[in-house]
Every structure is written in C-alpha cells, then in structure tokens.
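Asker: Just to be clear, the model below is a prediction. Sequence and coordinates:
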Amino acid sequence: MLDATLRDLAGRLLKASGRSEVPPFMVMDVMAAAARIEAAGGHVIHMEVGQPAAPAPRTAIAAAHAALDQARIDYTSALGIPSLRARIARHYRETYGCEVDAERIVVTTGSSGGFILAFLSMFEPGDRVAVTVPGYPPYRHILTALGCEPVLIETTHETRHALTGEALLAAHRKTPLKGVLVASPANPTGTMMSREALTSLMRAADGAGIRFISDEIYHGLDYAFPAVTAAALSADALVINSFSKYFCMTGWRVGWMVVPDVLVRPIERLQQNLSISVPTLSQIAAEAAFDGREEMEAIKHGYEENRRILIEGLPRAGLSKFLPADGAFYLYADVSDFTADSFEFAKAMLEKAGVAATPGVDFDPIHGRAFIRFSYARSAEEMREAVTRIARWLG
C-alpha cells in the first residue's frame, strides 16, 4: 500500500511540463521503423532523412585526427574559435561578395542550437512568429516549447511555395507579428527565392517592424540559380547556417549564425549559460571543411543526378505531381491520387516496397496528408532502385 502511494506521488511529481508537449519529429519515427525492418533482415532504401550519404570532407577528418593527437580538447570562446569565425566571414566575401564582420559570427551547435539562441534573443514568451507551411517542423515545435506562438502562413503554387511580402503583411494585419522565419532553399519543397523575391519580402518585414530570420542551411545545394544570402541585403537580418548539409557533417553538430551587432552580446551570454561552448573538435573540423570544397562540389553534382532520376522516373511510377526542387535534396510529391492519408501511404510504402520517405503531415498540418517528401541525398543506384520499387508497388 505504501509502495503504491509512493509511486502515485512520484508520478505526480515527475509529470512532464506543458512546454514539452510538442509533436514528435516524424522523420525520426520513420527512421526507427525502417531500422526495425533492417534488423529483421529487410533491405530499405532510405529517402526519409535529410542526411548526406557521403562523409565529411577529408580535410575536416584529417584536422580532427590532428587535434586528437595533440591530446587536449578544451573549451573555446562561447562565440566560437576566432579563426573559424574569421573563416566563415571570409566565406561570405568569397561566395556572395558580401562583407560580414567576423565579430557578428556566432558558432552554434548545429542549426538547431542556432534556432534556440535566435528565438531566445529575439522574442518574448507569447510573441507571434510567422513560418511557412509546408516547412521544417522544429521551427514550430521549438517556438512552442519556448512559449512563443508559431503563425502558419500557407504558401501556394502561384508563388512557387515561397512566402511573399503581401502574405506576410496580411497575417500581420490580423494580429501583429514579432518575427518571420524563411528558408531558401526550403525543406521540404526544395524551392528557392530569387534575389528580387527575398528583397521584397525583407522590405515588407522591415517596414512593418517584423524581425527577419533566414534559414540558409541548404546554401551551396542550389541547382536552378545561385542562392542569395539575407546577410547581403540587411545587417538587421539574422542568418542561420550549418555544416550539416553541403559539408556532409550532420553528426558533428556545428553551425553558425550571422547576427545583428546588437544581439552579439545577448547571444554570447545565452551560449555561455546554455552550453558554455560548441564542441571544440567539431569547430576545428569545420574550419578545415572549407578547404574541401572541390570534394563537396562533386557530391553536389551527384545530388543533381539523383534529382534528374526522380524527376524523370517518378512520373513513370505514377507520381507526376511535385514541386520544382530548385535546391536542397528533396522532392515533395503529391500522392492524393493514391491516398487521403500520407502517413498511411508512407507506412505502406516502407512495408511493401522497402522505401522509406516522410509523410507530408510532418511538414504541413493543413494539407500535408496529400504529400510525401523524398530525400535524394544517397546514391544514384539507390534512387533508380527506389523508382523501380515504387513503380512495382503502385503498378
């Protein structure tokens, strides 16, 4: 009796907080289901997770080995190793023709750490922050966990699923917004914003006093036209990027931000308290990754071939409606001819065809039941086999 009472008391004391009640990131659940099939001896083609199949650049791995040989891996400055911050600033000059002061560069624990620092430094609990749908789920979930209110703005085929200034201001007029977050190239659509479109959106946000965050994690993976950084258009924009995608360093968990001058010290204080500093070994490897660009460009060309295989092959398999896939390594396909529930479609495709993909409900709670996201970050052979399996299953 006493044990039961104590267990009941412990259950009440250990109840999870309301802010932890965010939806799961469904792609991780799909990965777990695929792993169970593989553990039972099945063969799964992984198109569910946005993770390059290639390893980090050889230059990054060599730098990490050299650092380990020196034995000591100590804390760094909360803002990051100065030489890495300077190298990132140089990257903006070389890639975009854009001068960014190294003092405005903050190294983060992947882009995820960047989102947390950005939201904490820019918004108060209760602030309304616009994000597009379809869009990356953790935007909404992190904002919710921090006590902010994500405001979903639907994008349309007419705007190539990019947010416009008109749509932003329409949402702002309904109830004022404190911020907006956009991505180009975008996840899951792969669509990109031109310089003109991004400039127009940023001017609309600035005129309304809406703080602007640009997620540029897929920069470098652009096929339709060169990606444009918000850092070249305004010193007041906050830019988030990472070594995870173009540089194939997902598990190293290192990214960066370009922040307005006024936010450098507040973000430094937050980083000091939340994580002290970003893992030193990852920072050392990241700096060396910039010297592996030739290797990374070859991998990018592989993604372009994978993109071609899907764009040509999926229509023959029965999936003919999808968004342009200007960049990143995703294709967002309309499966409404086959199902009204993309979650069940993804489950059946995994179990019957051995192809893992992510249901659109992860990215869009409004219309996501009609879509599936395919990642084409793996090998061309796997992409061809995936098309064959899907055609056989749907045929």
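Answerer: Sure thing, it's come through. It should be emphasised that the depicted structure is a prediction, and the values quoted were computed from it without experimental measurement.

Asker: does residue 366 count as helix, strand or coil?
Answerer: What DSSP: H, G, I helix; E, B strand; the rest coil gives for residue 366 is coil.

Asker: Give me the nearest residue to it, chain neighbours excluded.
Answerer: residue 133 (5.8 Å; C-beta to C-beta, 6 or more residues apart in numbering). Glycine gets a C-beta too; all of them are placed from N, C-alpha and C.

Asker: Quick check: the one you found vs residue 139, distance?
Answerer: 10 Å (C-beta to C-beta, to the nearest Å).

Asker: quick one, which of the two is more surrounded?
Answerer: Per other C-beta atoms under 10 Å, whichever of residue 133 and residue 139 has more neighbours is residue 139, with 24 against 20.

Asker: Retrieve the pLDDT associated with the closest residue in space to that one that isn't next to it in sequence.
Answerer: Using C-beta to C-beta, 6+ apart and skipping residues adjacent in sequence, the residue nearest residue 139 is residue 131, 4.7 Å away. At residue 131, the model reports a pLDDT of 98.

Asker: start the count at 9, not 1, going forward
Answerer: Understood, numbering begins at 9; the last thing we discussed is residue 139.

Asker: For residue 139, which three-state class applies?
Answerer: Residue 139 - assigned by three-state DSSP - is strand.

Asker: For burial, what's the neighbour tally of it?
Answerer: Neighbour tally, residue 139, other C-beta under 10 Å: 22.

Asker: Do I have it right that it meets residue 187?
Answerer: No: under the criterion of C-beta atoms under 8 Å, residue 139 is not in contact with residue 187, lying 9.4 Å apart.

Asker: show me where the stretch 209-358 of the chain has helices.
Answerer: Along the stretch 209-358 of the chain, counting by DSSP state H, counting those that start in this stretch, helices occupy 269-282, 288-297, 301-325, 350-356.

Asker: Can you report how many residues lie near residue 51?
Answerer: For residue 51, the neighbour count with other C-beta under 10 Å is 9.

Asker: Which residues are in contact with the closest residue to it other than its chain neighbours?
Answerer: Using C-beta to C-beta, 6+ apart and skipping residues adjacent in sequence, the residue nearest residue 51 is residue 362, 5.8 Å away. The neighbours of residue 362, taking C-beta atoms under 8 Å, 6 or more residues apart in numbering as the test, are 45, 50-53, 397.

Asker: With residue 336 instead?
Answerer: By C-beta under 8 Å, 6+ apart, residue 336 lies in contact with 58, 193-195, 198, 226, 229, 253.

Asker: go on, residue 58?
Answerer: 35, 195, 253, 336-338, 383, 385.

Asker: looking at this protein, which helix or strand does the model trust least?
Answerer: Lowest by mean pLDDT, DSSP states H and E among the helices and strands of the chain is helix 10-21, with a mean of 66.

Asker: starting at the chain centroid, how far to the next helix or strand after it?
Answerer: Next helix or strand after helix 10-21 toward the C-terminus (DSSP states H and E): helix 34-47. Relative to its parent chain, helix 34-47 has a centroid offset of 20 Å by C-alpha atoms, centre = their mean, to the nearest Å.

Asker: Equivalent analysis for stretch 287-295, please.
Answerer: Stretch 287-295 sits 20 Å away from the centroid of its parent chain (C-alpha atoms, centre = their mean).

Asker: First-to-last residue distance for stretch 228-246?
Answerer: Taking C-alpha to C-alpha, to the nearest Å, stretch 228-246 runs 18 Å from one end to the other.

Asker: got it, and stretch 237-249?
Answerer: 10 Å.

Asker: Show residues contacting it.
Answerer: 100, 104-106, 108, 116, 119, 122-123, 126, 130, 206-207, 210, 214, 219-225, 227, 263-269, 271.

Asker: for residue 294, what are its contacts?
Answerer: Residue 294 touches 68, 92, 115, 251, 255, 257, 260, 262, counting by C-beta under 8 Å, 6+ apart.

Asker: so who does the first one touch?
Answerer: Read it as residue 68. Contacts for residue 68 (C-beta under 8 Å, 6+ apart) come out as 255, 257, 260, 293-294, 296-297, 300.

Asker: Which of the contacts of residue 336 has the largest number of neighbours?
Answerer: In terms of neighbours by other C-beta under 10 Å, those top out with residue 194 at 29 neighbours.

Asker: what residues are up against that residue?
Answerer: 140, 143, 169-170, 200, 226, 336.

Asker: and which of the residues you listed is nearest residue 75?
Answerer: Distance ranking of the contacts of residue 194 against residue 75, using C-beta to C-beta, places residue 226 first at 27.9 Å.

Asker: and that closest one, how far is that from residue 382?
Answerer: On the measure of C-beta to C-beta, residue 226 and residue 382 end up 15 Å apart.

Asker: Around residue 105, count how many other residues there are.
Answerer: 8.

Asker: check contacts around it.
Answerer: By C-beta under 8 Å, 6+ apart, the contact set of residue 105 is residue 240.

Asker: Next, it: phi, psi?
Answerer: Backbone geometry at residue 105, expressed as degrees, to the nearest 10, gives phi 60, psi 30.

Asker: So what touches the helix or strand encompassing residue 96?
Answerer: Secondary structure assignment for residue 96, by DSSP H and E: helix 90-104. Applying C-beta under 8 Å, 6+ apart, the external contacts of helix 90-104 come out as 87, 106-115, 236-237, 239-240, 264, 266, 291-292, 294-295, 298.
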